[in-house]
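Peer 1: No letters, just coordinates:
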């Protein structure tokens, strides 16, 4: 699915949610997509789709992933850019130069925990969780197979 289609599918799912009319701010918050400044990723090898999602289309801030994207706090640290935190533990989330996403787990001596091969896969994960409580994330992102210690399936329970 192209970035525009991902956005459209995501917003369609939000529009079908049973959110009471008394709480329009909930729907507004869910519909808000987070974007980063294009220059932040200039020296990184991102696909056109990932650049479009990050800098034009946007990505949901936290819904279904437990990742809080923080464009205003983005910073380059060595070979990666800090793009947010995990909602459950406050671990920093990074985008690596190759486009993959990971977090550094402070409870396990800053061990790298793989999240997704790229931003497009992460957006697909969000939609998959909206459509199915237990989606086949391995079918979406083959990178999970080579990273058993990942954010979604692990003995340490990083799940959002």
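Peer 2: Yep, that arrived. In this text the structure is predicted, and so the values were computed from the model without any measurement.
Peer 1: which residues touch the one residue sitting closest to the centre of the chain?
Peer 2: Residue closest to the mean C-alpha point of the chain, counted by C-alpha atoms, centre = their mean, is residue 122 at 4.7 Å. Neighbouring residues of residue 122 by C-beta atoms under 8 Å, 6 or more residues apart in numbering: 59, 65, 67, 101, 115-116. All C-beta spots, glycine's among them, are computed from the backbone N, C-alpha and C.
Peer 1: closest to residue 52 among those residues?
Peer 2: Of all the contacts of residue 122, residue 59 has the smallest distance to residue 52: 10.7 Å, by C-beta to C-beta.
Peer 1: The closest one is in contact with residue 53, isn't it?
Peer 2: Yes. With contacts counted by C-beta atoms under 8 Å, residue 59 reaches residue 53, the gap being 5.7 Å.
Peer 1: hey, what's in contact with both of the two?
Peer 2: By C-beta under 8 Å, 6+ apart, the residues touching both residue 59 and residue 53 are 119, 123.
Peer 1: So for the contacts of residue 122, which is the shakiest by pLDDT?
Peer 2: pLDDT across those is lowest for residue 65, at 75.
Peer 1: Give the burial count for it, as a bare number.
Peer 2: When neighbours are defined as other C-beta atoms under 10 Å, residue 65 has 26 of them.
Peer 1: From residue 48, how far out is it?
Peer 2: 22 Å (C-beta to C-beta, to the nearest Å).
Peer 1: any idea which element residue 124 lies in?
Peer 2: Assigned by DSSP states H and E, residue 124 falls within helix 119-131.
Peer 1: swap in residue 7?
Peer 2: Once you assign secondary structure using DSSP H and E, residue 7 falls within helix 3-15.
Peer 1: For that helix, name the packing helices and strands.
Peer 2: Judged by 3 or more C-beta pairs under 8 Å, 6 or more residues apart in numbering; DSSP states H and E, helix 3-15 is in contact with helix 24-31, helix 119-131.
Peer 1: quick one: the shortest one to chain centroid distance?
Peer 2: Put simply, helix 24-31 sits 18 Å off its chain's centre (C-alpha atoms, centre = their mean, to the nearest Å).
Peer 1: Show me what it is packed against.
Peer 2: On a contact count with 3+ C-beta pairs under 8 Å, 6+ apart, helix 24-31 meets helix 3-15.
Peer 1: Noted, bye for now.
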